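S.K.: need a 3D model of the sequence below.
(2 chains, ligands or ions: 2)
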Amino acid sequence: MAYSLNVNGRIHSVDVDADTPLLWVLRDVIGLTGTKFGCGVAQCGACTIHLDGHAVRSCVTTIESAGSSAIMTIEAIGSTPKGSVVQRAWLEEEVVQCGYCQSGQIMSAVALLNANAMPSDGDIDDAMSGNICRCGTYPRIRAAIKKAARGGSNTGNGG
Amino acid sequence: MYAFEYHRPTDVKQAAELVAQLEETKFLAGGQTLLPTMKMRLAAPANLIDLGQVAELRGIERSADTLSIGAMTLHAEVANSADVRTAIPALTELAELIGDPHVRNRGTIGGSVANNDPAADYPAACLALNAAIVTNKRTIAADDFFQGIFATALDEGEIITKISFRVPSQAAYVKFRHPASRYALVGVFVAKHADGVRVAVTGSGANGVFRVPEMEQALSRNFAVAALDGISVPAEGMSSDIHADAVYRAHLVGVIARRAVQAAASSRA
Ligand code: FES
Ligand code: FES
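M.R.: Ligands and ions are numbered 1, 2, ... in the order given. Modelled structure (predicted):
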């Protein structure tokens, strides 16, 4: 079936079966491989994208239901104001270990900061609870989110 | 995941027609349970009927004594609704505690109630708030609706359209959640109505959500933590798994119920 998707501000026409989850369309059809396949069954958050600004798991988002929504992936998040601050904070805090979970982590962090500019530790724990990091980078993720919330200033490690 | 046909009706009538015509159907609400289940090949419907385009199933309506929430309303919408917060703040808190943001951005109240997972949060709210489960065919009282783990009074092909909660004078939901899954190991919803108190427990019952009549009677006489002195729930009938055995769960029900009463009693009347 033919679908037209708005991904990162561009319209993509794709022809896939109606039962194809969005993650596969993004990676295998459109070629945006920054969004990761972790578990494929809504357990890990590696596949997190934004649908109309909200963090969702693309492995359990049907292509039909994504239809008219604005889809944003890790490839474009850095061109948004909060996204660029978050990515910079991620680099400065050297959050990443193996990196596999990190595009999902960043998408969840940006969704959090867009909704809540100054999150508490509790807010951060809740917002990030759907993203698992096998390398255990959680303390640095929290520090980087705090740094980004402060606008990326370099005051202490905030952990 | 096995292959399936995907259908996207735009009103309840179309959805009901589709389910009548097709074989091996399943309704898809937010997909936060059904899609992972299908991917793990534990469910293999031949036809998936997505209710996401059915506008009449969405929205929140408030009257003096009821709060009605459309079946396809997202957990995040309930959590952020000013009407819900004004009418039943305990329901706001419950919605904020469901899963993680990803789940709340996709998951729906109707999906949760229809699935009746033994550790889901909304079934406890339905029982304690004496809710009416409204379907495309009839209205079912919450007390008759939940019929055991993953079992409900819904007929094949019947569609929940909305849930109408009775607005209590005071209420609270307290949840002891599993830190990884964020499902309730024990969740207790306590609600004080003009005609008495209702106490509903999720996460613990071997038969799913249940009420605790002994606590309800004591609290109806005196809505205070002290009213629960000497009252406990037996370990028989509790579920038991690697996370918590039946004895521990029974104990937790007592502890969490007391916390819920305390929170409800100090909430604005
Ligand atoms: S790949 Fe989607 S949650 Fe793991
Ligand atoms: S950095 Fe390796 S899984 Fe998170």
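
S.K.: now the closest residue to residue A:101 other than its chain neighbours: how far from residue A:46?
M.R.: Nearest non-adjacent residue to residue A:101, counting by CB to CB, 6 or more residues apart in numbering or on different chains: residue A:133, 4.6 Å away. Placement of C-beta: from N, CA and C, glycine included. Residue A:133 sits at a distance of 9 Å from residue A:46 (criterion: CB to CB, to the nearest Å).

S.K.: for residue B:192, same thing?
M.R.: From residue B:192 to residue A:46 the distance is 44 Å (CB to CB).

S.K.: and the strands in the stretch 1-150 of chain B?
M.R.: Remark: strands assigned in the stretch 1-150 of chain B by DSSP state E, counting those that start in this stretch are B:5-7, B:25-28, B:47-50, B:60-62, B:66-70, B:132-135, B:139-141.

S.K.: where does chain B get nearest to ligand 2, residue-wise?
M.R.: In chain B, the residue that lies nearest ligand 2 is residue B:180 (15.6 Å; CB to the nearest ligand atom).

S.K.: pretty sure the residue nearest to residue A:101 sits against residue A:142.
M.R.: No. Residue A:133 is beyond contact range of residue A:142, at 11.3 Å (criterion: CB atoms under 8 Å).

S.K.: after the lowest-mean-pLDDT helix or strand in chain A comes which helix or strand?
M.R.: Ranked by mean pLDDT, DSSP states H and E, the helix or strand of chain A with the weakest confidence is helix A:63-66, at a mean of 87. Downstream of helix A:63-66, the first helix or strand assigned by DSSP states H and E is strand A:70-72.

S.K.: any buried residues in that following strand, and which?
M.R.: A:71-72 (16 or more other CB atoms under 10 Å in any protein chain shown).

S.K.: before we move on, what about stretch B:122-141?
M.R.: In stretch B:122-141, counting by 16+ other CB under 10 Å, buried: B:122-135, B:140.

S.K.: which helix runs longest in chain A?
M.R.: Scanning chain A for the helix with the most residues, using DSSP state H, yields helix A:102-115.

S.K.: domains for chain A, by residue range?
M.R.: The record's domain split for chain A, according to automatic domain parsing, is A:2-76, A:77-149.

S.K.: and these: which comes nearest residue B:117?
M.R.: Checking the domains of chain A against residue B:117 by CB to CB gives domain A:2-76 as the closest, at 13.9 Å.

S.K.: wait, does the closest one contact chain B?
M.R.: Yes. Using CB under 8 Å from any CB of the partner chain, domain A:2-76 reaches chain B at A:17-19, A:21, A:40-43, A:45, A:48, A:51, A:54-57, A:59-62, A:64-65.

S.K.: how about the residues of chain A near ligand 2?
M.R.: A:96-102, A:133-135, A:137 (CB under 6 Å from any ligand atom).

S.K.: picking that back up, go through the buried residues of stretch B:122-141 and name the one nearest residue B:186.
M.R.: Nearest to residue B:186 among those, counting by CB to CB, is residue B:124 at 9.9 Å.

S.K.: report pLDDT for the closest one.
M.R.: According to the prediction, residue B:124 has pLDDT 98.

S.K.: what does residue A:159 give?
M.R.: For residue A:159, the model assigns a pLDDT of 44.

S.K.: burial of residue B:268, as a residue count?
M.R.: Look at residue B:268: counted by other CB atoms under 10 Å in any protein chain shown, it has 6 neighbours.

S.K.: can you name every helix or strand that the longest helix along chain B contacts?
M.R.: The helix that spans the most residues within chain B, counting by DSSP H, is helix B:246-265. Applying 3 or more CB pairs under 8 Å, 6 or more residues apart in numbering or on different chains; DSSP states H and E, one finds that helix B:246-265 contacts strand B:170-177, strand B:184-193, strand B:196-202.

S.K.: most tightly surrounded among the ones you listed?
M.R.: Counting by mean count of other CB atoms under 10 Å in any protein chain shown, strand B:184-193 has the highest mean neighbour count of the helices and strands packed on helix B:246-265, with a mean of 28.

S.K.: for that strand, which strands pair with it and how are they oriented?
M.R.: In the sheet, strand B:184-193 lines up against strand B:170-177 (antiparallel), strand B:196-202 (antiparallel) (DSSP bridges).

S.K.: for the spatially most central residue of chain A, give its distance to ligand 2.
M.R.: The residue lying closest to the centre of chain A (CA atoms, centre = their mean) is residue A:107, at 2.1 Å. Distance of residue A:107 to ligand 2, computed by CB to the nearest ligand atom, to the nearest Å: 13 Å.

S.K.: many thanks, we can stop here.
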